[in-house]
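**Student:** Show me how the following folds:
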Amino acid sequence: MALTLFNDPFMTEMDRAMNRMLSSFGMPTTRGTATTSMPMDIFRPFTGTTSGATTMPMDIIETPTAYELHADTPGMTPEDVKVELHEGVLTVSGNRKVAREEKDAQGKVWRSERSSYSFARSFTLPENVNSDNICATIDKGVLKVCVPKKETEPKPEPKRITVTGA
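**Tutor:** Now for the predicted structure:
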């Protein structure tokens, strides 16, 4: 008896409905070039380029002492992620690689849905950051970049100039 995967017609129709909805909002519904395009998987992060670079969603949080950038980086190690600062622009990039196997220990792999991807995001930092003390950590699949603020000099109070008559 051969094992066949059930082809669910609802998901095919659901994919078409989601693609119609996304395209009505101006979002891409295909990946790749026109000759090699394939339907977009709505459960993966959106790709902004045909090179496959993903725009990673990030949270930016301001505290009284720092700015924090948080991004989900599942399955990544600190070696997979790069944080760079150049001329006031902070760039966070990374690359996730998944090794594909045709067989596992018990036999054939029926479905392999995990994928490799790369991402990059750049942010122009405000003037009040201490760029010498930027730090980044990965904990439980979440990247946290901490950008401390500088102590700002208090602005001088306005000086009142006395107006005299001639």
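
**Student:** Give me the three-state assignment for the residue nearest to D80 when sequence neighbours are not counted.
**Tutor:** Excluding the flanking residues, the one nearest D80 by C-beta to C-beta, 6 or more residues apart in numbering is G94, at 5.2 Å. Where C-beta positions appear, they are placed from N, C-alpha and C, glycine not excepted. The local conformation at G94, judged by DSSP: H, G, I helix; E, B strand; the rest coil, is strand.

**Student:** Show me what G94 is bridged to.
**Tutor:** On the basis of DSSP bridges, G94 is bridged to V81, F119.

**Student:** Helices of this protein, start to end?
**Tutor:** With DSSP state H as the criterion, the chain has helices at 9-24.

**Student:** and the residue nearest to D80, what is it in contact with?
**Tutor:** By C-beta atoms under 8 Å, 6 or more residues apart in numbering, the contact list for G94 reads 56, 73, 76, 80-82, 118-120, 143.

**Student:** quick one: low-confidence ranges for this protein?
**Tutor:** Applying pLDDT under 70 to the chain picks out residues 1-14, 16, 23-54, 100-104.

**Student:** That one: strands as residue ranges?
**Tutor:** 30-31, 38-39, 53-54, 58-62, 66-72, 81-86, 89-96, 117-124, 135-139, 142-148 (DSSP state E).

**Student:** JSON lines for those, including distance to K108?
**Tutor:** Listed next are the strands of the chain as JSON lines, based on distance: least, C-beta to C-beta, whole Å:
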{"stretch": "strand 30-31", "distance to K108": "27"}
{"stretch": "strand 38-39", "distance to K108": "24"}
{"stretch": "strand 53-54", "distance to K108": "30"}
{"stretch": "strand 58-62", "distance to K108": "38"}
{"stretch": "strand 66-72", "distance to K108": "31"}
{"stretch": "strand 81-86", "distance to K108": "34"}
{"stretch": "strand 89-96", "distance to K108": "25"}
{"stretch": "strand 117-124", "distance to K108": "25"}
{"stretch": "strand 135-139", "distance to K108": "34"}
{"stretch": "strand 142-148", "distance to K108": "35"}
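
**Student:** between the ones you listed, which one is nearest to R160?
**Tutor:** For those, proximity to R160 was assessed by C-beta to C-beta; strand 58-62 is nearest, at 34.1 Å.

**Student:** The closest one vs strand 117-124, what angle?
**Tutor:** The directions of strand 58-62 and strand 117-124 differ by 30 degrees, with axes from the mean of the first three to the mean of the last three C-alpha atoms, to 10 degrees as the criterion.
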